[in-house]
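*Asks:* here are the coordinates; sequence isn't available:
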């Protein structure tokens, strides 16, 4: 499949091209501002949503297999809309109905691309929140183990035996999985004490 004509915006985000990123703000921020202000927000909220959406998109486009299948503006708009809906829910607004410009309907591929971006962003945030809840020792052990060095070197750096390092890595990873599942509302199988 040939790249979408708006691929230049994806390339600009990947390369941190300030000139094209400034163009993104000029071309698309007014529409996002209108979306947010029409739905219980203000100019500051719109600015925050716009920036957070660009960050989320920047992370998503670095993932293997990403392909822009719709206009960049539509993709950005869908991500901003999803972020604003999440913010309204967080603020516990009684109505979380987004008013859309009359006659505007995002294509299905833009909706799906935005949904994947938002889900990945939420998963990443949840992972980091749960990771930070682990003990400092667990965090350090997992960081070293995930850095690509051998478990032998990990055990040397931590001053523990190889066997204990492997056992502790398994326990720490299980605690992390337990915390993530609990945060998602899933029923973790193992309910042992966590630390």
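*Replies:* Alright, I've got the coordinates. What you see is a predicted model; the values in this text were computed from it and never measured.

*Asks:* which is the next helix or strand following the lowest-mean-pLDDT helix or strand in the chain?
*Replies:* Every helix and strand in the chain was compared by mean pLDDT, DSSP states H and E; the lowest is helix 108-133, with a mean of 80. Remark: after helix 108-133, the chain's next helix or strand is helix 136-146, criterion DSSP states H and E.

*Asks:* and the contacts of whichever helix or strand comes after that following helix?
*Replies:* Scanning forward in sequence from helix 136-146 by DSSP H and E, the next helix or strand is helix 151-158. Helix 151-158 has contacts (C-beta atoms under 8 Å, 6 or more residues apart in numbering) with 140, 141, 144, 145, 161, 162, 164, 165, 166, 169. Every C-beta, even on glycine, is put in place using the N, C-alpha and C of the backbone.

*Asks:* report pLDDT for residue 72.
*Replies:* Listed pLDDT for residue 72 reads 92.

*Asks:* that one and residue 9 touch, don't they?
*Replies:* Yes - in this structure, residue 72 is within contact of residue 9 by C-beta atoms under 8 Å, at 4.2 Å.

*Asks:* what about this protein, any weak spots by pLDDT?
*Replies:* Scanning the chain for pLDDT under 70 picks out the ranges 1-3, 93-109, 186-195.

*Asks:* how about the residue in it that sits furthest from its center?
*Replies:* In the chain, the greatest distance from the average C-alpha position (C-alpha atoms, centre = their mean) is reached by residue 161, at 36.3 Å.

*Asks:* hey, where'd the helices end up in this structure?
*Replies:* Along the chain, the stretches classed as helices by DSSP state H are 7-15, 18-37, 43-61, 72-90, 108-133, 136-146, 151-158, 162-184.

*Asks:* of those helices, flag the one that's most buried.
*Replies:* Ranked by mean neighbour count, the helices of the chain are led by helix 72-90 with a mean of 20 (mean count of other C-beta atoms under 10 Å).

*Asks:* how far off centre is it?
*Replies:* Computed by C-alpha atoms, centre = their mean, to the nearest Å, the chain-centroid distance of helix 72-90 equals 13 Å.
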